[in-house]
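Peer 1: Give me a model of this one.
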Amino acid sequence: MDDTTVKITLKSPFGPFLQTLATDASCIINPNVMKHEKDGDLAQAWLAQNMDGSGPFKMTEWSRGERFVT
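Peer 2: Numbering: from 1, shown residues only. Predicted coordinates for the structure are as follows:
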């Protein structure tokens, strides 16, 4: 294992585990984003106007209501 490997050990078999990983509920959240959480909104109000990712990318443009352009 190295610093870029995640190991998940389940207590018991769970058939839809991989499918669950593909949903928003299992995404990795940058801890810096959660500093902006207000009243349990999971920082959604802040994220509507801001971005703080957790990967090796650079955002070059963003238009409200459109997809990210990189």
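Peer 1: Let me see the confidence value for residue 44.
Peer 2: pLDDT recorded at residue 44 is 89.
Peer 1: What distance do you get for it to residue 27?
Peer 2: Per Cβ to Cβ, to the nearest Å, residue 44 is found 13 Å from residue 27. C-beta coordinates here come from the backbone N, C-alpha and C atoms, glycine included.
Peer 1: for residue 64, same thing?
Peer 2: Residue 64 sits 21 Å away from residue 27, going by Cβ to Cβ.
Peer 1: Compare the two and say which one has the larger neighbour count.
Peer 2: Set residue 64 next to residue 27 and count neighbours by other Cβ atoms under 10 Å: residue 27 wins out with 9 against 6.
Peer 1: give me phi/psi at residue 61?
Peer 2: Backbone torsions of residue 61, given as degrees, to the nearest 10, read phi -160, psi 150.
Peer 1: That one pairs with what?
Peer 2: residue 69 (DSSP bridges).
Peer 1: What score does residue 48 have for pLDDT?
Peer 2: Looking at residue 48, the pLDDT reads 86.
Peer 1: What separation is there between it and residue 27?
Peer 2: From residue 48 to residue 27 the distance is 16 Å (Cβ to Cβ).
Peer 1: what's the answer for residue 60, then?
Peer 2: Distance check for residue 60 against residue 27: by Cβ to Cβ, it reads 22 Å.
Peer 1: ok, now residue 38?
Peer 2: According to Cβ to Cβ, residue 38 and residue 27 sit 19 Å apart.
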